[in-house]
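Engineer: just need the structure, nothing else, for what follows:
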Amino acid sequence: MGFFDSIENIAAQELGGGTNTNANVAGGLMQALEEHPGGLAGVMDHFNNNGMGEHVQNWASGAQPTATPDQIQQGLAGSGFIESVAAKAGVSPQVASMAMSTILPMVMSHFTNCGQQAAPQSGYGGMASQILSRFL
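Structural biologist: Numbering: from 1, shown residues only. Now for the predicted structure:
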């Protein structure tokens, strides 16, 4: 099973919604990452600055494959990122947090070197297309 198959299966299980909801949240996350200052590295900085650095390391290394919605909310508090993902996906911030609790750790694991560096921002557009193609 490939990376994108895993994202699809986990998001479907966690969200319990239809494929349109899953596709919207995955697409919203990728759009928000492209627009967020610093991209994935900026998101990881928010977690580190909010006392969640150990979690970022665990997610990025694959030692802890998922997060909780509360961890996502704590790590991204004050950043506006959850709200941005929710607005782009057309879902509530609670649904966005739930989906990000499964998808964001996978993205961190796939696009970082154990949490030390993020992929270039330009790489997210292609990833979004690949993720969305799995849901549609």
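Engineer: convert stretch 103-112 to PDB, retaining C-alpha atoms only.
Structural biologist: Coordinates of each C-alpha in stretch 103-112 appear next as PDB, following Å, rounded to 0.1, in the frame of the first residue of the first chain:
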ATOM      1  CA  ILE A 103      -3.100  13.300   7.500                       C
ATOM      2  CA  LEU A 104      -0.700  15.900   8.900                       C
ATOM      3  CA  PRO A 105       1.600  13.400  10.700                       C
ATOM      4  CA  MET A 106       1.700  11.400   7.500                       C
ATOM      5  CA  VAL A 107       2.700  14.500   5.500                       C
ATOM      6  CA  MET A 108       5.400  15.300   8.100                       C
ATOM      7  CA  SER A 109       6.700  11.800   8.000                       C
ATOM      8  CA  HIS A 110       6.800  11.800   4.200                       C
ATOM      9  CA  PHE A 111       8.200  15.300   3.600                       C
ATOM     10  CA  THR A 112      10.700  15.800   6.400                       C
END
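Engineer: quick one: secondary structure of Gly28?
Structural biologist: Counting by DSSP: H, G, I helix; E, B strand; the rest coil, the backbone at Gly28 sits in helix.
Engineer: count the neighbours of Pro37 for me.
Structural biologist: Number of residues near Pro37 (other C-beta atoms under 10 Å) recorded here: 10. For glycine as for every other residue, the C-beta is placed from the backbone atoms N, C-alpha and C.
Engineer: out of everything not next to it in sequence, what's closest to His46?
Structural biologist: Leaving out its chain neighbours, the residue that sits closest to His46 by C-beta to C-beta, 6 or more residues apart in numbering is Ser79, at 4.6 Å.
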